[in-house]
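Peer 1: generate a structure from the sequence data that follows.
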Amino acid sequence: MAEELLRVEHLKKAYQTKEVLHDINFTVHKGEVVALLGSSGSGKSTLIRTLNGLEDYQGGTLTFAGKQVQPSKATWLALRQRIGMVFQSYDLFPNLSVLDNILLGPLKVQHQERKTAEAEARELLASVNLSEYADSYPRQLSGGQKQRIAIVRALALHPEMMLFDEVTASLDPEMVRGVLEIMTNLAKQEMTMIVVTHEMNFAKQVADRVLFLSDGEILEDRPTAEFFAHPATKRAQEFLASMEF
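Peer 2: So this is what the prediction gives:
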């Protein structure tokens, strides 16, 4: 089996007195694609946001690349260069061109040489068929184009793992395919990924494992084919029955 990259043990998260993640335990190995599935409000986005410090947590441990995470601002700033994340809302800077959005991390955070960073950024843009938009601004792009740029921006930092939080949820149906194709290609390149998604066909075809969440708990952690063929819990059975795929 591939080397373990991420271990989550007994993770707990609460908002004031309401616990929203209950004793979460799972591991992710290098090159593995894990789909986080569950109904809205089940805790998927909260969980994935704890993995790079966007949400704090009140109990448990995270271990990345063999080293236990000691939560602090400096720790998370360093880890976010190794754990890329793409959001539903794109989060591009409107006052920067596409190219400058991509270069911000490599130049300001990693202090790469501009010539080298720009050459790689243009290669990444070409890989998602957006070379001609390097000098455009986010307002000039479609939702699907913005999301592809957001993925490129994360990849420019050479992450060891990618987190995707419902990245197709706000896109028109015709734009979804292009974004999912990029994610599928990343999986083929053995990029380690954790994906929150309601795209069941994508999860079924690309994910190695499924974590099924309900009310802040992992009810199932199983190989993808097994989960879709024979969900073990009634809640998972009801969830799959409600999805169109």
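Peer 1: what is the longest helix anywhere in the chain packed up against?
Peer 2: For the chain, the longest helix by residue count, based on DSSP state H, is helix 173-188. When contacts are defined as 3 or more C-beta pairs under 8 Å, 6 or more residues apart in numbering; DSSP states H and E, helix 173-188 packs onto helix 143-155, strand 192-196, helix 200-206. Placement of C-beta: from N, CA and C, glycine included.
Peer 1: residue 9 is nearest to which of these?
Peer 2: Judged by C-beta to C-beta, the one of those that comes nearest to residue 9 is strand 192-196, at 15.9 Å.
Peer 1: pLDDT wise, what is the residue of the chain most remote from its centre at?
Peer 2: Most distant residue from the mean C-alpha position of the chain: residue 115, 28.4 Å away (C-alpha atoms, centre = their mean). Here the pLDDT value assigned to residue 115 is 95.
Peer 1: just residue 43 next, same as before
Peer 2: Reading off the model, residue 43 has pLDDT 94.
Peer 1: and it, how many neighbours?
Peer 2: For residue 43, the tally of surrounding residues (other C-beta atoms under 10 Å) stands at 23.
Peer 1: helix, strand or coil: sort out residue 210 for me.
Peer 2: When classified by DSSP: H, G, I helix; E, B strand; the rest coil, residue 210 comes out as strand.
Peer 1: helices of the protein, residue ranges please.
Peer 2: Using DSSP H, helices in the chain cover 44-50, 73-79, 98-104, 114-127, 143-155, 173-188, 200-206, 224-229, 234-242.
Peer 1: check the offset of the first one from the chain's centre.
Peer 2: Spelled out, that is helix 44-50. Its chain's C-alpha centre and that of helix 44-50 lie 10 Å apart, by C-alpha atoms, centre = their mean, to the nearest Å.
Peer 1: kindly report the same for the longest one.
Peer 2: Averaged C-alpha coordinates place helix 173-188 at 13 Å from its chain's average position (C-alpha atoms, centre = their mean).
Peer 1: and the second one, by the same measure?
Peer 2: Helix 73-79 has its C-alpha centroid displaced from the chain centroid by 18 Å (C-alpha atoms, centre = their mean).
Peer 1: buried ones in that helix?
Peer 2: Residues residue 79 are the ones in helix 73-79 that count as buried (16 or more other C-beta atoms under 10 Å).
Peer 1: for the fifth one, same thing?
Peer 2: In terms of neighbour count (16+ other C-beta under 10 Å), helix 143-155 has its buried residues at 144, 145, 146, 147, 148, 149, 150, 151, 152, 153, 154, 155.
Peer 1: what sits closest to residue 178 if chain neighbours are left out?
Peer 2: residue 144 (5.4 Å; C-beta to C-beta, 6 or more residues apart in numbering).
Peer 1: need the contact list for the one you found.
Peer 2: 171, 172, 174, 175, 176, 178, 179 (C-beta atoms under 8 Å, 6 or more residues apart in numbering).
Peer 1: over to residue 10?
Peer 2: Neighbour list for residue 10: 23, 24, 25, 59, 60, 61 [criterion: C-beta under 8 Å, 6+ apart].
Peer 1: on that earlier part again, could the helices and strands packed on helix 173-188 go into CSV alongside mean pLDDT?
Peer 2: As requested, these are exported to CSV (pLDDT from 0 to 100):
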stretch, mean pLDDT
helix 143-155, 93
strand 192-196, 97
helix 200-206, 95
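Peer 1: hang on, the earlier thing: mind checking how far the residue farthest from the centre of the chain is from residue 96?
Peer 2: 19 Å (C-beta to C-beta, to the nearest Å).
Peer 1: do residue 219 as well
Peer 2: Residue 219 is 42 Å from residue 96, by C-beta to C-beta.
Peer 1: between the two, which is the more surrounded one?
Peer 2: residue 219 (18 against 14).
Peer 1: wait, doesn't that one sit right on residue 235?
Peer 2: Yes: here residue 219 lies in contact with residue 235, judged by C-beta atoms under 8 Å, at a distance of 5.8 Å.
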